[in-house]
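Student: Take a look and give me a structure for this.
(one chain, ligands or ions: 1)
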Amino acid sequence: MTEKHTTQTNLLYLEDAYLQQTTANIVEVILDNKVRPDGSHSASLILDQTLFYPQGGGQPADQGTVEGPNGTFEVTHVSYNGGSVLHKGTLRGNLKAGDTVTLNLDWNRRYQHMQWHTLGHIVDQAVKNTVKDATSIDGNHGIGKKLSITFTTKISADQKQQIQQEVEKIIAQNVSTTTEMVTKDEMIKRGVKLPFDLPSNKPLRLLQIGKFPPMPDGGTHLRQTNEAWPVQVSDIQQDGENSLVYYTVENPESTKKSKGNKVSVADGQKAPLFISLTALRRQSTDIRAELSLDQSPVEELTTKYLGKKGKFNELAKEIRNVSPEDRKEAGQILNELKTALEQHIQKLKDSQNTTVPWTDLTAPGQPPKLGHMHPVSQAMEEVTRIFERIGFTRVRYPEVDWDHYVFEALNMPPDHPARDEWETFFIEAPIDQKFGKVVLTTHTSNGQVREMERLNSTPPIRMINIARCYRRQQDATHTQMFHQFEGLVVDKGITIQHLKGTLDYFAQEFYGPGTKSRIRPFHFQFTEPSFEVDFSCHICHGTGEVEQKDGKGEVQKTKCKFCKSGWHEVGGAGMVHPNVLKAGGIDPEEYTGFAFGWGVERTYTLKPGLNIDDIRLFYSGEMRFLEQF
Ligand code: DAH
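Tutor: Residues are numbered from 1 along each chain as shown. As a prediction, the model looks like this:
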């Protein structure tokens with residue numbers, strides 16, 4: 001009935017003889033149409049993979065159960081046919097192709113088969129070690145009652161004792177069994193004895209016990225001979241040309257309980273539990289999978305998985321059931337599992353911490369990063385405050401102004417050569433009959449006559465005009481746009497002393513106590529007399545020299561590198577020219593005045609502590625420079 005089934009069942013027991021439970025998918029369910037009185041069916045199952053051993057090679061079939069979503073199948077016999085494994089047994093409920101099912105192996109029965117089969121090989125080897133050229137052709141490892149190995153060589157019953165000793169010697173060596181999948185050609189190449197013909201179209205399993213010659217074998221075996229139950233070479237009988245060596249295997253557990261009775265096939269005593277690395281790995285994966293789906297609160301998870309009686313510790317106990325040579329790897333598997341569980345739980349804890357952050361409402365707030373005014377604006381503010389304190393009023397006048405206010409009213413009629421000093425930008429605009437061309441203010445002096453007019457030509461005037469100015473010039477000490485501040489004082493009886501006192505006051509306020517001012521004769525069209533204004537250097541205090549100790553510790557005087565002369569020139573000043581007062585409608589016979597004016601940027605860079613040698617930096621937009629002020 002089974003020849004038509006061509007499915008290749010994946011044989012899990014070949015890889016791991018200690019696998020006791022796994023899942024598989026049903027490929028086919030074959031019912032035999034007979035429904036028993038209790039509603040169960042006798043049926044056959046084909047699965048995509050199996051851990052049930054199909055009878056063969058002298059080893060009996062496994063038994064166990066297959067559990068599906070809607071039914072259970074009791075496996076009573078397993079056979080191998082045309083590539084697929086047929087599980088025969090009794091079906092209760094309903095199972096159908098495609099169902100995912102759980103396979104449970106009757107482990108006690110299987111473990112006993114593993115004992116019988118492995119010990120059969122050991123007896124076989126013991127005979128070969130004892131009897132020269134002994135050749136075996138068959139073995140019965142539990143199918144029927146008596147365990148035996150058949151030899152084509154004559155083995156005398158007298159050798160029983162010797163063989164027994166050899167069996168014990170092999171077991172005592174605690175050798176391990178290993179398997180590998182190879183082709184028939186490879187087996188022949190390696191000189192493996194083939195007791196019967198083998199297929200050459202698929203990989204075959206080669207079993208090796210210790211260092212003894214390997215042999216083809218598809219059965220299930222103990223990993224180590226230290227797992228072996230007590231074995232007895234019980235009898236040697238002749239069967240025609242052949243000799244049969246019989247052996248018995250006792251389950252020590254059941255022997256204790258049944259007081260020395262031999263173990264029979266039907267013996268159901270519990271075999272000691274052994275766990276393979278594969279099984280350990282699988283269980284470890286299962287625990288991880290379980291945790292990843294577990295919705296319990298984190299505190300519960302910790303107890304459940306990592307607690308004293310948690311899932312991890314439960315599995316960790318199994319390490320004593322792992323063979324000594326596998327213990328190291330088993331330890332690694334357990335370590336990895338523990339780390340994975342801890343990390344998973346920690347991640348959950350962390351994620352919960354971030355979803356419900358704890359906020360300390362009493363903690364001081366984070367101050368926003370404050371910006372500040374541009375250094376030139378700061379300087380203008382400071383200049384304003386200094387002059388305000390002595391009664392000056394800050395005023396603002398246009399930075400795009402008539403030629404009249406910028407030049408003509410300041411005693412510089414059109415075409416006057418003095419105008420060349422101011423490299424002027426002209427605006428393309430109609431020329432006004434009275435005020436002339438439109439220009440960008442070249443200095444803040446344009447504010448002088450405007451202020452006189454604003455006050456209806458009625459002194460006293462104390463103005464400070466700070467504004468942007470423009471000239472066609474650009475180098476380290478000049479920018480095309482810059483700032484100036486202009487002072488103008490007009491009243492009765494104003495003299496040069498007032499001017500000098502005002503300059504000294506500003507010098508000390510702006511540059512610090514001890515700073516002096518100096519006026520030197522000069523020429524401007526709008527003042528008479530005119531001066532250039534200097535302030536004493538704060539490095540050398542007006543001396544032009546600094547004292548420095550040389551290599552011998554002696555004091556040497558050297559030229560001040562900052563000012564080179566003891567003084568810094570900052571701008572111009574003078575007594576207001578009578579023509580300017582007239583232009584502002586003020587009678588120069590009645591009133592006199594002084595004026596001064598110079599650049600904000602230059603004035604500022606001379607401040608103590610600043611060392612700015614290129615005023616273009618102020619307008620570079622370079623934050624690393626500007627943030628310093
Ligand atoms: N306006 C002149 C300049 O830009 C500076 C100046 C000199 C202003 C003398 C004055 C002054 O008020 O009296 O160079």
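Student: near the ligand, which residues of the stretch 301-450 of the chain show up?
Tutor: Taking Cβ under 6 Å from any ligand atom as the contact definition, the stretch 301-450 of the chain meets the ligand at 443, 445. (Glycine included, C-beta is placed from N, CA and C.)
Student: Do a quick rundown of the strands in the stretch 301-450 of the chain.
Tutor: 393-395, 400-402, 426-432, 436-440 (DSSP state E, counting those that start in this stretch).
Student: what do you get for the stretch 451-600 of the chain?
Tutor: For the stretch 451-600 of the chain, the strands defined by DSSP E, counting those that start in this stretch occupy 461-470, 481-491, 517-524, 527-536, 545-549, 555-559, 567-576, 592-599.
Student: mean confidence for the fourth one?
Tutor: When pLDDT is averaged along strand 527-536, the result is 97.
Student: do the first one as well
Tutor: On average, the pLDDT along strand 461-470 is 98.
Student: Would you mark the buried spots in it?
Tutor: 461-467, 469-470 (16 or more other Cβ atoms under 10 Å).
Student: which two in those residues are spaced the farthest apart?
Tutor: The distance between the two most remote of those (Cβ to Cβ) is 26.5 Å, for Arg462 and Tyr470.
Student: before we move on, the earlier item: using CSV, lay out the strands of the stretch 301-450 of the chain together with mean pLDDT.
Tutor: Shown next, in CSV, are these (pLDDT from 0 to 100):
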stretch, mean pLDDT
strand 393-395, 97
strand 400-402, 97
strand 426-432, 95
strand 436-440, 96
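Student: Mean neighbour count and distance to Ile586 for these - can I get that in TSV?
Tutor: Shown next, in TSV, are the strands of the stretch 301-450 of the chain (neighbours: other Cβ atoms under 10 Å; distance: least, Cβ to Cβ, whole Å):
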stretch	mean neighbour count	distance to Ile586
strand 393-395	16	17
strand 400-402	19	19
strand 426-432	9	23
strand 436-440	19	22
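Student: In terms of helix, strand or coil, where does whichever residue of the stretch 101-250 of the chain sits closest to the ligand fall?
Tutor: Relative to the ligand, the nearest point of the stretch 101-250 of the chain is Thr102 (100.2 Å; Cβ to the nearest ligand atom). Here Thr102 takes the strand state, with states given by DSSP: H, G, I helix; E, B strand; the rest coil.
Student: now it: how far from Pro69?
Tutor: 10 Å (Cβ to Cβ, to the nearest Å).
Student: and what of Thr278?
Tutor: Taken as Cβ to Cβ, the span from Thr278 to Pro69 is 26 Å.
Student: ok, now Thr441?
Tutor: 95 Å.
Student: Those two - which one has more neighbours?
Tutor: Thr441 (25 against 11; other Cβ atoms under 10 Å).
Student: I figured the more buried one hits Pro398, correct?
Tutor: Yes. Judged on Cβ atoms under 8 Å, Thr441 makes contact with Pro398 at a distance of 7.2 Å.
Student: Get me the contact residues on this protein for the ligand.
Tutor: Contact residues, the chain versus the ligand (Cβ under 6 Å from any ligand atom): 443, 445, 486, 524, 527, 571-574, 595-597.
Student: between those residues, which is nearest Gly365?
Tutor: Glu486 (44.8 Å).
Student: quick one on the thing from earlier: out of the strands of the stretch 301-450 of the chain, which gets nearest to Glu509?
Tutor: Judging the strands of the stretch 301-450 of the chain by Cβ to Cβ, what sits closest to Glu509 is strand 393-395, at 15.4 Å.
Student: Show residues contacting the closest one.
Tutor: 384, 387-388, 447, 451, 454, 462-466 (Cβ atoms under 8 Å, 6 or more residues apart in numbering).
Student: switch to 6 Å and redo it
Tutor: For strand 393-395, the external contacting residues (Cβ atoms under 6 Å, 6 or more residues apart in numbering) are 384, 463-465.
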